[in-house]
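Enquirer: Whatever this is, show me its structure:
(one chain, ligands or ions: 2)
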Amino acid sequence: MLKDRSIFLTGGGTGLGRSMALHFAMLGARIFLIGRREQPLKEVCDEIQRGGGSAAFATCDVRDYGAVETVAKLAYEQFGRIDTVINNAAGNFMARTEKLTPNAFNAVVGIVLNGTFNCTQVFAKKWIVEKLGGNVLNIVTTYAAANCGSAFVVPSACAKAGVLAMTTSLAVEWAKYHIRLNAIAPGPFPTEGAWSRLMPSKQFEEHAKESHPMKRFGRHEELTSLAAFLLSDMAEYINGECVVIDGGDWLRGAGEFNDLLLIPDAAWENMEAARTKK
Ligand code: HXC
Ligand code: NAP
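Expert: Residues are numbered from 1 along each chain as shown. Ligands and ions are numbered 1, 2, ... in the order given. Here you go, the predicted structure:
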(Lines give C-alpha, C1' and ligand atoms only; values in the text may rest on other atoms or scores of the structure.)
(Ligands and ions follow the chains in the order given, each with its own letter.)
Protein backbone atom coordinates (compact mmCIF):
# COMPACT_ATOMS: atom_id res chain seq x y z
CA MET A 1 0.00 0.00 0.00
CA LEU A 2 2.88 2.40 0.76
CA LYS A 3 5.52 0.76 -1.43
CA ASP A 4 8.24 3.17 -2.64
CA ARG A 5 7.12 5.86 -0.24
CA SER A 6 9.67 7.63 2.01
CA ILE A 7 8.20 8.99 5.22
CA PHE A 8 9.71 11.50 7.67
CA LEU A 9 8.04 10.83 11.02
CA THR A 10 8.52 13.01 14.10
CA GLY A 11 8.29 11.44 17.55
CA GLY A 12 8.65 8.01 15.94
CA GLY A 13 10.43 6.33 18.85
CA THR A 14 7.48 5.93 21.20
CA GLY A 15 3.71 5.57 21.47
CA LEU A 16 1.58 6.20 18.41
CA GLY A 17 4.62 7.32 16.39
CA ARG A 18 6.31 3.97 17.00
CA SER A 19 3.13 2.11 16.02
CA MET A 20 2.81 4.15 12.81
CA ALA A 21 6.46 3.55 11.94
CA LEU A 22 6.14 -0.21 12.30
CA HIS A 23 2.85 -0.33 10.39
CA PHE A 24 4.00 1.86 7.49
CA ALA A 25 7.23 -0.15 7.18
CA MET A 26 5.12 -3.30 7.00
CA LEU A 27 3.16 -1.64 4.16
CA GLY A 28 6.39 -1.08 2.23
CA ALA A 29 7.43 2.47 3.15
CA ARG A 30 10.94 3.60 4.06
CA ILE A 31 10.86 5.43 7.39
CA PHE A 32 13.07 8.26 8.66
CA LEU A 33 12.43 8.76 12.38
CA ILE A 34 13.28 11.76 14.50
CA GLY A 35 12.93 12.65 18.18
CA ARG A 36 15.15 14.02 20.93
CA ARG A 37 16.27 10.71 22.49
CA GLU A 38 18.41 8.32 20.49
CA GLN A 39 17.59 5.07 22.29
CA PRO A 40 13.86 4.71 21.44
CA LEU A 41 14.49 5.78 17.83
CA LYS A 42 17.26 3.23 17.46
CA GLU A 43 15.07 0.48 18.89
CA VAL A 44 12.26 1.14 16.42
CA CYS A 45 14.74 1.40 13.56
CA ASP A 46 16.33 -1.93 14.53
CA GLU A 47 12.90 -3.57 14.78
CA ILE A 48 11.96 -2.39 11.28
CA GLN A 49 15.28 -3.55 9.85
CA ARG A 50 14.99 -6.96 11.55
CA GLY A 51 11.63 -7.34 9.80
CA GLY A 52 13.27 -6.64 6.42
CA GLY A 53 12.12 -3.02 6.21
CA SER A 54 14.07 0.14 5.55
CA ALA A 55 14.51 2.72 8.32
CA ALA A 56 16.93 5.33 9.59
CA PHE A 57 16.87 7.92 12.36
CA ALA A 58 18.44 11.13 13.62
CA THR A 59 18.01 13.04 16.85
CA CYS A 60 16.49 16.48 16.51
CA ASP A 61 14.42 18.93 18.51
CA VAL A 62 11.61 20.05 16.18
CA ARG A 63 11.60 23.48 17.85
CA ASP A 64 14.98 24.22 16.24
CA TYR A 65 14.47 25.18 12.56
CA GLY A 66 18.17 24.78 11.72
CA ALA A 67 18.23 21.30 13.26
CA VAL A 68 15.17 20.33 11.20
CA GLU A 69 16.93 21.54 8.03
CA THR A 70 19.94 19.40 8.93
CA VAL A 71 17.94 16.21 9.50
CA ALA A 72 15.87 16.84 6.38
CA LYS A 73 19.13 16.86 4.43
CA LEU A 74 20.17 13.60 6.11
CA ALA A 75 16.80 12.04 5.27
CA TYR A 76 17.18 13.02 1.61
CA GLU A 77 20.71 11.59 1.54
CA GLN A 78 19.43 8.38 3.11
CA PHE A 79 16.44 7.71 0.87
CA GLY A 80 17.00 9.91 -2.20
CA ARG A 81 13.83 11.81 -1.49
CA ILE A 82 11.17 12.24 1.20
CA ASP A 83 7.57 12.40 -0.08
CA THR A 84 5.65 12.38 3.21
CA VAL A 85 5.93 14.21 6.53
CA ILE A 86 4.05 13.12 9.64
CA ASN A 87 3.97 15.70 12.40
CA ASN A 88 3.38 13.47 15.39
CA ALA A 89 5.84 14.82 18.00
CA ALA A 90 4.09 16.62 20.83
CA GLY A 91 4.45 17.89 24.34
CA ASN A 92 1.61 18.02 26.83
CA PHE A 93 0.80 17.89 30.54
CA MET A 94 -2.18 18.67 32.73
CA ALA A 95 -1.92 21.79 34.80
CA ARG A 96 -4.01 24.55 36.28
CA THR A 97 -3.44 27.33 33.78
CA GLU A 98 -3.02 30.05 36.41
CA LYS A 99 0.01 28.09 37.70
CA LEU A 100 1.82 27.84 34.33
CA THR A 101 5.09 29.66 33.80
CA PRO A 102 5.63 31.36 30.42
CA ASN A 103 8.27 28.73 29.70
CA ALA A 104 5.79 25.91 30.32
CA PHE A 105 3.37 27.44 27.79
CA ASN A 106 6.17 28.03 25.30
CA ALA A 107 7.57 24.49 25.66
CA VAL A 108 4.33 22.88 24.50
CA VAL A 109 3.48 25.48 21.85
CA GLY A 110 7.07 25.33 20.60
CA ILE A 111 6.98 21.58 20.08
CA VAL A 112 3.45 21.28 18.72
CA LEU A 113 2.86 24.43 16.68
CA ASN A 114 6.34 25.71 15.80
CA GLY A 115 7.64 22.15 15.40
CA THR A 116 4.88 21.33 12.94
CA PHE A 117 5.51 24.53 11.00
CA ASN A 118 9.26 23.87 10.91
CA CYS A 119 9.00 20.31 9.58
CA THR A 120 6.19 21.15 7.16
CA GLN A 121 7.86 24.21 5.66
CA VAL A 122 11.37 22.74 5.41
CA PHE A 123 10.09 19.84 3.29
CA ALA A 124 7.46 21.80 1.35
CA LYS A 125 10.15 24.22 0.13
CA LYS A 126 11.98 21.25 -1.37
CA TRP A 127 8.79 19.78 -2.83
CA ILE A 128 7.84 23.05 -4.52
CA VAL A 129 11.24 23.22 -6.24
CA GLU A 130 11.14 19.52 -7.22
CA LYS A 131 7.58 19.78 -8.63
CA LEU A 132 6.88 16.22 -7.45
CA GLY A 133 4.28 17.00 -4.77
CA GLY A 134 4.14 15.79 -1.19
CA ASN A 135 1.96 14.62 1.62
CA VAL A 136 1.61 15.93 5.19
CA LEU A 137 -0.28 14.28 8.01
CA ASN A 138 -0.67 16.17 11.28
CA ILE A 139 -1.66 14.38 14.47
CA VAL A 140 -3.89 16.75 16.45
CA THR A 141 -6.52 16.07 19.16
CA THR A 142 -10.29 16.22 19.35
CA TYR A 143 -10.11 19.38 21.48
CA ALA A 144 -8.22 21.13 18.64
CA ALA A 145 -11.54 21.79 16.92
CA ALA A 146 -12.85 25.35 16.75
CA ASN A 147 -15.17 26.25 19.66
CA CYS A 148 -13.95 23.32 21.69
CA GLY A 149 -10.57 23.44 23.49
CA SER A 150 -10.15 21.74 26.84
CA ALA A 151 -9.60 22.86 30.37
CA PHE A 152 -6.27 21.97 32.06
CA VAL A 153 -4.34 21.38 28.79
CA VAL A 154 -4.48 24.96 27.52
CA PRO A 155 -1.02 25.16 25.85
CA SER A 156 -1.77 21.97 23.95
CA ALA A 157 -5.30 23.09 23.04
CA CYS A 158 -3.99 26.41 21.67
CA ALA A 159 -1.16 24.74 19.74
CA LYS A 160 -3.23 21.91 18.28
CA ALA A 161 -5.91 24.39 17.15
CA GLY A 162 -3.10 26.26 15.39
CA VAL A 163 -1.92 23.07 13.70
CA LEU A 164 -5.45 22.42 12.48
CA ALA A 165 -5.61 25.96 11.05
CA MET A 166 -2.24 25.35 9.37
CA THR A 167 -3.55 22.12 7.86
CA THR A 168 -6.66 23.65 6.32
CA SER A 169 -4.92 26.86 5.22
CA LEU A 170 -2.04 25.11 3.47
CA ALA A 171 -4.33 22.51 1.91
CA VAL A 172 -5.69 25.37 -0.19
CA GLU A 173 -2.47 27.34 -0.62
CA TRP A 174 -0.30 24.41 -1.71
CA ALA A 175 -2.77 22.24 -3.64
CA LYS A 176 -1.37 23.77 -6.84
CA TYR A 177 1.98 22.19 -5.93
CA HIS A 178 0.29 18.78 -5.43
CA ILE A 179 0.99 18.98 -1.71
CA ARG A 180 -1.80 17.40 0.27
CA LEU A 181 -2.30 18.06 4.01
CA ASN A 182 -4.65 16.23 6.36
CA ALA A 183 -5.00 15.67 10.08
CA ILE A 184 -6.10 12.94 12.43
CA ALA A 185 -7.72 13.80 15.75
CA PRO A 186 -7.36 10.81 18.06
CA GLY A 187 -9.36 10.32 21.21
CA PRO A 188 -7.68 8.44 24.05
CA PHE A 189 -5.11 5.85 22.92
CA PRO A 190 -3.04 4.42 25.77
CA THR A 191 0.64 5.37 25.48
CA GLU A 192 3.26 5.81 28.19
CA GLY A 193 3.87 9.42 27.09
CA ALA A 194 0.23 10.51 27.32
CA TRP A 195 -0.83 8.40 30.27
CA SER A 196 2.12 9.41 32.48
CA ARG A 197 1.37 13.09 31.94
CA LEU A 198 -2.40 13.19 31.59
CA MET A 199 -3.93 10.45 33.74
CA PRO A 200 -3.83 11.68 37.33
CA SER A 201 -4.94 8.33 38.81
CA LYS A 202 -6.22 4.84 38.05
CA GLN A 203 -9.59 6.10 39.26
CA PHE A 204 -9.62 8.89 36.68
CA GLU A 205 -8.65 6.41 33.97
CA GLU A 206 -11.62 4.22 34.95
CA HIS A 207 -13.86 7.29 34.89
CA ALA A 208 -12.63 8.17 31.39
CA LYS A 209 -13.32 4.65 30.19
CA GLU A 210 -16.72 4.36 31.87
CA SER A 211 -17.93 7.67 30.40
CA HIS A 212 -16.73 6.71 26.90
CA PRO A 213 -19.66 5.72 24.61
CA MET A 214 -17.84 2.52 23.62
CA LYS A 215 -16.41 1.96 27.11
CA ARG A 216 -12.92 1.45 25.75
CA PHE A 217 -9.87 3.35 24.57
CA GLY A 218 -8.48 3.24 21.03
CA ARG A 219 -6.29 0.46 19.71
CA HIS A 220 -3.10 1.55 17.98
CA GLU A 221 -3.85 -0.51 14.87
CA GLU A 222 -7.11 1.42 14.45
CA LEU A 223 -5.19 4.68 14.18
CA THR A 224 -2.34 3.33 12.05
CA SER A 225 -4.80 1.90 9.51
CA LEU A 226 -6.54 5.26 9.18
CA ALA A 227 -3.21 7.05 8.81
CA ALA A 228 -2.05 4.63 6.11
CA PHE A 229 -5.27 5.19 4.16
CA LEU A 230 -4.99 8.99 4.36
CA LEU A 231 -1.39 8.85 3.12
CA SER A 232 -2.14 6.39 0.35
CA ASP A 233 -3.05 7.10 -3.28
CA MET A 234 -6.60 5.95 -2.45
CA ALA A 235 -7.08 9.21 -0.54
CA GLU A 236 -5.68 11.47 -3.30
CA TYR A 237 -8.83 13.67 -3.30
CA ILE A 238 -8.90 14.11 0.51
CA ASN A 239 -7.21 17.41 1.28
CA GLY A 240 -7.54 19.72 4.30
CA GLU A 241 -9.60 17.19 6.21
CA CYS A 242 -9.38 16.27 9.88
CA VAL A 243 -10.61 12.77 10.67
CA VAL A 244 -11.66 12.16 14.26
CA ILE A 245 -10.95 8.66 15.56
CA ASP A 246 -12.31 8.41 19.09
CA GLY A 247 -15.27 6.01 19.13
CA GLY A 248 -17.69 8.93 19.41
CA ASP A 249 -16.13 10.23 22.63
CA TRP A 250 -16.12 13.90 21.80
CA LEU A 251 -19.68 13.88 20.49
CA ARG A 252 -20.70 12.81 23.98
CA GLY A 253 -19.01 15.81 25.57
CA ALA A 254 -16.34 18.10 24.15
CA GLY A 255 -13.11 18.96 25.98
CA GLU A 256 -11.35 15.73 26.84
CA PHE A 257 -9.90 16.98 30.10
CA ASN A 258 -12.82 19.13 31.28
CA ASP A 259 -13.64 16.41 33.83
CA LEU A 260 -10.43 17.25 35.67
CA LEU A 261 -12.74 19.84 37.22
CA LEU A 262 -13.66 16.92 39.50
CA ILE A 263 -10.18 17.03 41.06
CA PRO A 264 -10.18 19.01 44.31
CA ASP A 265 -7.66 21.82 44.82
CA ALA A 266 -5.88 19.82 47.53
CA ALA A 267 -5.13 17.02 45.04
CA TRP A 268 -3.77 19.54 42.51
CA GLU A 269 -1.56 21.00 45.23
CA ASN A 270 -0.20 17.52 46.04
CA MET A 271 0.59 16.80 42.37
CA GLU A 272 2.27 20.19 41.92
CA ALA A 273 4.34 19.67 45.08
CA ALA A 274 5.39 16.17 43.94
CA ARG A 275 6.61 17.59 40.63
CA THR A 276 8.59 20.38 42.29
CA LYS A 277 10.34 17.87 44.58
CA LYS A 278 11.73 15.76 41.68
C1 HXC B 1 3.42 22.51 34.86
C2 HXC B 1 5.32 21.94 33.69
C3 HXC B 1 4.97 20.58 33.77
C4 HXC B 1 3.76 20.23 34.45
C5 HXC B 1 6.86 20.75 32.71
N6 HXC B 1 6.49 21.99 33.05
N7 HXC B 1 5.95 19.86 33.14
N8 HXC B 1 4.57 22.90 34.23
N9 HXC B 1 3.02 21.23 34.97
N10 HXC B 1 3.36 18.97 34.57
C11 HXC B 1 7.24 23.21 32.78
C12 HXC B 1 8.65 23.19 33.38
O13 HXC B 1 8.63 23.52 34.76
C14 HXC B 1 9.35 24.26 32.54
O15 HXC B 1 9.02 25.55 32.95
C16 HXC B 1 8.70 24.09 31.17
O17 HXC B 1 7.47 23.38 31.39
C18 HXC B 1 9.56 23.28 30.23
O19 HXC B 1 9.88 22.06 30.88
P20 HXC B 1 11.18 21.23 30.53
O21 HXC B 1 11.07 19.92 31.20
O22 HXC B 1 12.40 22.06 30.73
O23 HXC B 1 11.02 21.18 28.93
P24 HXC B 1 11.30 20.09 27.91
O25 HXC B 1 12.42 19.24 28.34
O26 HXC B 1 11.35 20.78 26.64
O27 HXC B 1 9.98 19.16 28.02
C28 HXC B 1 8.82 19.42 27.30
C29 HXC B 1 7.58 18.93 28.05
C30 HXC B 1 7.68 17.43 28.44
C31 HXC B 1 6.40 19.20 27.16
C32 HXC B 1 7.44 19.73 29.33
O33 HXC B 1 6.49 17.00 29.06
C34 HXC B 1 7.98 16.53 27.26
O35 HXC B 1 9.13 16.36 26.89
N36 HXC B 1 6.94 15.97 26.63
C37 HXC B 1 7.10 15.11 25.42
C38 HXC B 1 6.15 13.96 25.35
C39 HXC B 1 4.71 14.25 25.68
O40 HXC B 1 4.38 15.28 26.28
N41 HXC B 1 3.85 13.33 25.32
C42 HXC B 1 2.42 13.41 25.54
C43 HXC B 1 1.72 13.69 24.28
S44 HXC B 1 0.04 13.28 24.52
P45 HXC B 1 10.02 26.45 33.87
O46 HXC B 1 9.40 27.81 33.88
O47 HXC B 1 10.01 25.77 35.22
O48 HXC B 1 11.36 26.41 33.20
C49 HXC B 1 -0.96 14.41 23.82
C50 HXC B 1 -2.37 13.90 23.65
C51 HXC B 1 -3.41 14.54 24.43
O52 HXC B 1 -0.58 15.43 23.41
C53 HXC B 1 -4.70 13.79 24.46
C54 HXC B 1 -4.62 12.50 25.25
C55 HXC B 1 -5.92 11.82 25.45
P1 NAP C 1 4.45 10.14 23.12
O2 NAP C 1 4.78 8.68 23.07
O3 NAP C 1 4.91 10.92 24.29
O4 NAP C 1 4.95 10.79 21.77
C5 NAP C 1 5.51 12.04 21.65
C6 NAP C 1 6.79 11.92 20.87
O7 NAP C 1 7.24 13.21 20.51
C8 NAP C 1 7.93 11.24 21.64
O9 NAP C 1 8.47 10.20 20.88
C10 NAP C 1 8.95 12.35 21.87
O11 NAP C 1 10.26 11.82 21.81
C12 NAP C 1 8.64 13.27 20.68
N13 NAP C 1 8.99 14.66 20.98
C14 NAP C 1 8.55 15.42 22.01
N15 NAP C 1 9.11 16.62 21.97
C16 NAP C 1 9.90 16.64 20.88
C17 NAP C 1 10.74 17.63 20.31
N18 NAP C 1 10.88 18.83 20.87
N19 NAP C 1 11.42 17.32 19.17
C20 NAP C 1 11.30 16.09 18.61
N21 NAP C 1 10.52 15.12 19.11
C22 NAP C 1 9.83 15.39 20.23
O23 NAP C 1 2.86 10.33 23.06
P24 NAP C 1 1.73 9.74 22.09
O25 NAP C 1 0.55 9.51 22.93
O26 NAP C 1 2.26 8.65 21.25
O27 NAP C 1 1.43 11.01 21.17
C28 NAP C 1 1.67 11.02 19.78
C29 NAP C 1 0.80 12.07 19.11
O30 NAP C 1 -0.56 11.72 19.27
C31 NAP C 1 0.97 13.48 19.68
O32 NAP C 1 0.85 14.42 18.64
C33 NAP C 1 -0.23 13.59 20.59
O34 NAP C 1 -0.61 14.92 20.82
C35 NAP C 1 -1.27 12.81 19.79
N36 NAP C 1 -2.40 12.34 20.57
C37 NAP C 1 -2.26 11.30 21.42
C38 NAP C 1 -3.37 10.85 22.12
C39 NAP C 1 -3.29 9.70 23.06
O40 NAP C 1 -4.29 9.36 23.70
N41 NAP C 1 -2.18 9.00 23.17
C42 NAP C 1 -4.60 11.50 21.96
C43 NAP C 1 -4.69 12.58 21.08
C44 NAP C 1 -3.58 12.99 20.38
P45 NAP C 1 11.46 12.51 22.63
O46 NAP C 1 10.94 12.76 23.99
O47 NAP C 1 12.56 11.51 22.56
O48 NAP C 1 11.78 13.75 21.88
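Enquirer: Going by C-alpha atoms from here, please, whenever you check contacts or count neighbours.
Expert: Fine.
Enquirer: how many neighbours does residue 202 have?
Expert: Residues lying near residue 202 (other CA atoms under 10 Å) number 9.
Enquirer: mind checking pLDDT for it?
Expert: pLDDT recorded at residue 202 is 94.
Enquirer: so how far is residue 261 from it?
Expert: Remark: distance between residue 202 and residue 261 (CA to CA, to the nearest Å) = 16 Å.
Enquirer: again, but for residue 274
Expert: Where residue 261 is concerned, residue 274 sits at a distance of 20 Å (CA to CA).
Enquirer: do residue 208 as well
Expert: 13 Å.
Enquirer: got the residues of the stretch 51-200 of the chain near ligand 1?
Expert: With the criterion set to CA under 6 Å from any ligand atom, the stretch 51-200 of the chain comes near ligand 1 through 90-95, 100-101, 103-104, 107-108, 187-188, 193-194.
Enquirer: So for residue 208 and residue 261, which residue has more residues nearby?
Expert: Set side by side, residue 208 and residue 261 show unequal neighbour counts under other CA under 10 Å, the larger going to residue 208 at 19 against 11.
Enquirer: Tell me which residues touch residue 254, please.
Expert: If you count contacts by CA atoms under 8 Å, 6 or more residues apart in numbering, residue 254 has them with 142, 143, 148, 149, 150.
Enquirer: Out of those residues, which comes closest to ligand 2?
Expert: Proximity of the contacts of residue 254 to ligand 2 (CA to the nearest ligand atom) peaks at residue 142, which lies at 6.9 Å.
Enquirer: what sits up against the helix or strand hosting residue 180?
Expert: Per DSSP states H and E, residue 180 falls inside strand 179-186. Residues from elsewhere that reach strand 179-186 (CA under 8 Å, 6+ apart): 124, 127, 133-142, 144, 164, 167-168, 170-171, 174, 223, 227, 230, 236, 238-246.
Enquirer: After that strand, which helix or strand is next?
Expert: helix 192-198.
Enquirer: buried ones in the next helix or strand after that following helix?
Expert: Next helix or strand after helix 192-198 toward the C-terminus (DSSP H and E): helix 202-210. Within helix 202-210, the residues that count as buried by 16 or more other CA atoms under 10 Å are 204, 208, 209.
Enquirer: other SSEs contacting the longest helix along the chain?
Expert: Scanning the chain for the helix with the most residues, using DSSP state H, yields helix 154-173. Packing partners of helix 154-173 (3 or more CA pairs under 8 Å, 6 or more residues apart in numbering; DSSP states H and E): helix 102-109, strand 134-139, strand 179-186.
Enquirer: which residues does the residue nearest in space to the middle of the chain contact?
Expert: Nearest to the geometric centre of the chain sits residue 88, at 2.5 Å (CA atoms, centre = their mean). Residue 88 sits next to 9, 10, 11, 12, 17, 138, 139 when contact means CA under 8 Å, 6+ apart.
Enquirer: Show me which pair in these is furthest apart.
Expert: 12 and 138 (13.2 Å; CA to CA).
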